[in-house]
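Enquirer: sequence first, predicted coordinates after that:
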Amino acid sequence: MKLYVDQDGSAPSPRRVRMYLAEKKLEVPLVRLALHEENRTREFRRKNPIGTLPVLELDDGTCISESLAICRYFEGLHPEPSLFGRTPLEQAEIEMWTRRAEHYLYLMIDFRGHFARKPETRAAAQEFETWATQFARFLDRELGERAFLTAGRLTMADIFAFGALDYGARFAGFALPAQLERLRSWFDTMAARPSAQA
């Protein structure tokens, strides 16, 4: 078994899987590829025709792509500590928050970063930044006194949301608004976890 990830560790999707594995204390050999180069080759596209990372290659040659699918595979093999939920309600709430973090935070931040690169698309970048900021405010209100987004403990939803905000701050030009104190406290707590260095 081996996990194909980006060489410099900046891509958010492979990072989600690395954080997940670190939280589960699972070790999987990593194959680091030059992003947008080695993962686009004909040989690699036999493993993942879309050419994206990460990709988990099993010992029999079966390949699984998409970060959430890879993490779910490991969750089935190693259910504890549970990051996807133990009860149907936990599973539904974690799925809800994970989807929210991906659609309303990560994608908005990623689009903001892409559109900000060209003068003719900077207005669109500002729109995406506005939407990401609105969702960050929503998260700040929702967190209240909670330490984690849902289930009373760290879950996949926290990994997705943290990954989005950290990617935004380091690579996509999206700064977490300073006045969102609860979200900032949650972010700092997540950043202090050993898995954040994975």
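Expert: In hand now; what should we look at?
Enquirer: I figured residue 14 hits residue 6, correct?
Expert: Yes - using Cβ atoms under 8 Å, residue 14 is in contact with residue 6, at 5.4 Å. All C-beta atoms are positioned from the backbone trio N, CA, C, and that covers glycine.
Enquirer: what about those two, which has more around it?
Expert: A count of neighbours by other Cβ atoms under 10 Å puts residue 14 above the other of residue 14 and residue 6, at 27 against 21.
Enquirer: show me what contacts that one?
Expert: 3, 5, 6, 53, 54, 67 (Cβ atoms under 8 Å, 6 or more residues apart in numbering).
Enquirer: quick check: the farthest pair among these?
Expert: Greatest spacing in the contacts of residue 14, by Cβ to Cβ: 6 and 67 (12.0 Å).
Enquirer: please, which helix or strand holds the residue nearest to residue 54 when sequence neighbours are not counted?
Expert: In space, residue 54 comes closest to residue 14 once its chain neighbours are excluded; the distance is 4.2 Å by Cβ to Cβ, 6 or more residues apart in numbering. Assigned by DSSP states H and E, residue 14 belongs to helix 12-24.
Enquirer: next one: that helix to chain centre, how far?
Expert: What separates the centre of helix 12-24 from the centre of its chain is 8 Å, taken as Cα atoms, centre = their mean, to the nearest Å.
Enquirer: please apply the same query to stretch 68-81.
Expert: On Cα atoms, centre = their mean, the centre of stretch 68-81 falls 15 Å from the chain's centre.
Enquirer: quick check: mean pLDDT of it?
Expert: The average pLDDT for stretch 68-81 rounds to 98.
Enquirer: cool, and stretch 119-127?
Expert: The average pLDDT within stretch 119-127 is 96.
Enquirer: for the longest helix anywhere in the chain, buried residues please.
Expert: Counting residues, the longest helix found in the chain (DSSP state H) is helix 122-143. If you call a residue buried by 16 or more other Cβ atoms under 10 Å, then helix 122-143 has these buried ones: 125, 128, 129, 131, 132, 133, 135, 136, 139, 140, 143.
Enquirer: next, the angle helix 122-143 makes with the helix or strand just after that helix.
Expert: Under the assignment DSSP H and E, the closest C-terminal helix or strand after helix 122-143 is helix 156-167. Counting by axes from the mean of the first three to the mean of the last three Cα atoms, to 10 degrees, helix 156-167 lies at 140 degrees to helix 122-143.
Enquirer: kindly export helix 156-167 (C-alpha atoms) in CSV.
Expert: C-alpha atoms of helix 156-167 as CSV (Å, rounded to 0.1, in the frame of the first residue of the first chain):
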residue,chain,number,x,y,z
MET,A,156,-13.3,14.8,9.8
ALA,A,157,-15.3,18.0,9.7
ASP,A,158,-12.6,19.8,11.8
ILE,A,159,-9.9,18.5,9.5
PHE,A,160,-11.7,19.8,6.4
ALA,A,161,-12.4,23.2,7.9
PHE,A,162,-8.9,23.7,9.4
GLY,A,163,-7.3,22.5,6.1
ALA,A,164,-9.4,25.1,4.2
LEU,A,165,-8.5,28.0,6.4
ASP,A,166,-4.8,27.1,6.7
TYR,A,167,-4.6,26.7,2.9
